[in-house]
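Chemist: build the 3D model from these lines:
(chains A, B, C and D)
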2 protein chains.
Amino acid sequence: MAVGGPLHKRILDLYEDLPRGERRLADLILKNGATLRNEAATDLARDAGVSKATAARFFKRLGYASFKAAQQEVRAQAAAPAAERASALPGFGSGGVSISAHLDNEVQNLIRTVEQQRSDELASAVKLLLNGEKLWVVGFGDNYPLVHFARAQLIKVRPDIRIIPLSGFSVPEEFASISSADVMLACGVGRRTRAFRNITLSAKRAGARVILLTDTASPGDAANADVILRCRSIGVAMFDSMTAAVSLLTYLCASLAARIGDAAIERMRLIENIHADWGDVIAGDL
Amino acid sequence: MAVGGPLHKRILDLYEDLPRGERRLADLILKNGATLRNEAATDLARDAGVSKATAARFFKRLGYASFKAAQQEVRAQAAAPAAERASALPGFGSGGVSISAHLDNEVQNLIRTVEQQRSDELASAVKLLLNGEKLWVVGFGDNYPLVHFARAQLIKVRPDIRIIPLSGFSVPEEFASISSADVMLACGVGRRTRAFRNITLSAKRAGARVILLTDTASPGDAANADVILRCRSIGVAMFDSMTAAVSLLTYLCASLAARIGDAAIERMRLIENIHADWGDVIAGDL
DNA sequence: GCGGTTTGGTTCAAAAATGAAATTAAAAAT
DNA sequence: ATTTTTAATTTCATTTTTGAACCAAACCGC
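Modeler: Predicted coordinates for the structure are as follows:
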């Protein structure tokens, strides 16, 4: 989710200074904006593992009169069309975003992403990628570049990596080849489309395992994904930042390569040879 | 940089539970592993903006007898590396690359990339993107995901963004439409292919302006590119890291959006509307 | 070795954070 | 309209965190 408005901005501004309990709340809200919209303060507090008192104080600290005030603002925002939100975002009119603000934010994205990663989930993701007969890398819209990233790396260390959607081919026809021995890596950072949900469901129905890469995991996701990898994608200006997602994918693929071992090295060597045969590569500099 | 030793792991394990001041220390150390090796406890505390007492307690909490003990461990790790680390580095056999090593490296990539960026070059890159009649986003092989990525963002704020190569179409035929009023964003991180060199030359010959995104700019590049954006792409394991490149592109596009201003907002609103018309988007969470 | 200096570590009182319980506000049910 | 129920907020006592001041030990130059 992009900087979703005043609330998100306030949280990020204060993030460094938040005490432990309040930061737990902040994380929860940043992770899934819907929480604040839908849940009651009591539940929010319970989910974050803090007392109701802490929750109340948290919103006070953010500058709201109360929890309710904050919730109302978020709800109002969700109702307004997205483009209007954009104009309220920083970096406009004022004539630009500072690069150091960008850097700070990106580093935070990376650190928080790694930090909240449960190592057993990463391990089982790697294991799935290792054992899947075919791998399906899936993502729509803004996630499609991520799909390309993932495939570019995966194809270096193992065969049978398929992309969905494929350059305008009809998805169902392509996806029909999925089997229960396959594994799907689903990139769903930021907004998810109907197509994304459909394909995830289809994969589950076919008995395939699903690894979901996302920023805000909703309760429903847990049911449809075998492994969930969360990454923080907060952007300092108008776009979400895919930086942490890319980084996580890179790490995932490197781990997979390590697990595969010699066969991966052999494969890469083969690839190099083919490159050489084609005379593709420029040896020195331009 | 520093290999993610026990210390990094301990920090990540406890991170969620650290109080505010100690977390500041944790962030500092995670951001740059070298700090702990080189600085004195007093300086470390000062840098983090906490008292010495807090620093001392922090290392106690991590399970070390004292600050010194932790520092010694880190130093021992850094000293041992050449042989031991090398064998473990690609992560083969030994069973993987440590994620904290990865994190450390990625953060360094980001920081270095931003640091070495000359702001006037960024500014002129934005200006070119702003004024180009058509934009051509170009890149081959491992760079193709970057191309996707750049286009996905650029197309949100202005029209006429073309990709080369395009899903198997012949490059020359496509590229023939380039004019001297156009601008080419050339992604050439890591290995460059012959095709890449050719297309850059063609662009220059056609009189178009060229922005080159690369990791290691060679002397020859200066002649063929109007603006060169350098990024660090060192990977901790077997793959180069495109993380910094992605981040830089994101910043570039955000700056462009800011420069375009209202027209960009208007365009995004239009895009949102079309999305809405299509019933594409899932509103709440899954 | 010996004053002086620097740096790591400890104590203790003040400040901040926190949760349980009390209080108030608001919504539902009657 | 009044009671009942539920949820948000405030109070307050307890716990945790924190830094200033204080000690100890290593490190100098002599």
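
Chemist: from here on, just use CA atoms for contacts and neighbour counts.
Modeler: Noted.

Chemist: enumerate the residues of chain A near DNA strand D.
Modeler: Chain A comes close to DNA strand D at residues A:40-43, A:52-53, A:56-57, A:65-69, as judged by Cα under 7 Å from any atom of the strand.

Chemist: out of these, which touch DNA strand C?
Modeler: Answer for these near DNA strand C (Cα under 7 Å from any atom of the strand): A:Lys52, A:Ala53.

Chemist: PyMOL command to pick out the buried ones of the residues of chain A next to DNA strand D?
Modeler: Typed into PyMOL, the line below selects the buried ones among the residues of chain A next to DNA strand D, using 16 or more other Cα atoms under 10 Å in any protein chain shown:
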select buried, chain A and resi 41+56+57+66+67
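
Chemist: which one of the residues of chain A next to DNA strand D is nearest DNA strand C?
Modeler: Distance to DNA strand C, by Cα to the nearest atom of the strand, is smallest for A:Ala53 among the residues of chain A next to DNA strand D, at 4.7 Å.

Chemist: what's the spacing between the closest one and A:Leu25?
Modeler: From A:Ala53 over to A:Leu25 the distance is 12 Å, taken as Cα to Cα, to the nearest Å.

Chemist: what stretches of the stretch 51-200 of chain A score poorly on pLDDT?
Modeler: Counting by pLDDT under 70, the stretch 51-200 of chain A shows low-confidence ranges at A:78-96.

Chemist: all strands of it, in order?
Modeler: Ranges of strands in the stretch 51-200 of chain A, per DSSP state E, counting those that start in this stretch, are A:135-138, A:161-164, A:183-188.

Chemist: of all those strands, which lies closest to B:Leu14?
Modeler: Between B:Leu14 and these, the tightest spacing by Cα to Cα is seen for strand A:183-188, at 28.4 Å.

Chemist: by contact count, what packs against the closest one?
Modeler: For strand A:183-188, the elements it packs on are strand A:135-138, helix A:144-157, helix A:194-205, strand A:209-214, judged by 3 or more Cα pairs under 8 Å, 6 or more residues apart in numbering or on different chains; DSSP states H and E.

Chemist: now these as JSON lines including mean neighbour count?
Modeler: Below are the helices and strands packed on strand A:183-188 laid out as JSON lines (neighbours: other Cα atoms under 10 Å in any protein chain shown):
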{"stretch": "strand A:135-138", "mean neighbour count": "26"}
{"stretch": "helix A:144-157", "mean neighbour count": "22"}
{"stretch": "helix A:194-205", "mean neighbour count": "18"}
{"stretch": "strand A:209-214", "mean neighbour count": "25"}
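
Chemist: can you list the ones you listed in TSV and add distance to B:Ala76?
Modeler: Formatted as TSV, the helices and strands packed on strand A:183-188 follow (distance: least, Cα to Cα, whole Å):
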stretch	distance to B:Ala76
strand A:135-138	41
helix A:144-157	34
helix A:194-205	47
strand A:209-214	36
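
Chemist: hmm, A:Leu154 is touching A:Asp160, no?
Modeler: No. Applying Cα atoms under 8 Å as the test, A:Leu154 and A:Asp160 come out as separate, 9.3 Å apart.

Chemist: neighbours around A:Ala26, how many?
Modeler: Look at A:Ala26: counted by other Cα atoms under 10 Å in any protein chain shown, it has 22 neighbours.

Chemist: show me what from the stretch 151-286 of chain A comes close to chain B.
Modeler: A:152-153, A:167, A:191-195, A:197, A:218-221, A:237-239, A:241-244, A:246-247, A:250-251, A:254-255, A:257-259, A:261-262, A:280-282, A:285-286 (Cα under 8 Å from any Cα of the partner chain).

Chemist: if I look at the closest residue to A:Phe67 other than its chain neighbours, how far off is B:Ser202?
Modeler: The shortest distance from A:Phe67 to any non-neighbouring residue, by Cα to Cα, 6 or more residues apart in numbering or on different chains, is to A:Phe59 (5.6 Å). Note on A:Phe59: its distance to B:Ser202, by Cα to Cα, is 58 Å.

Chemist: what's across from the residue nearest to A:Val189 when sequence neighbours are not counted in the sheet?
Modeler: In this structure, A:Val189 finds its nearest non-sequential neighbour in A:Thr214, 4.3 Å apart by Cα to Cα, 6+ apart. Beta bridges link A:Thr214 to A:Gly188, A:Arg230 when assigned by DSSP bridges.
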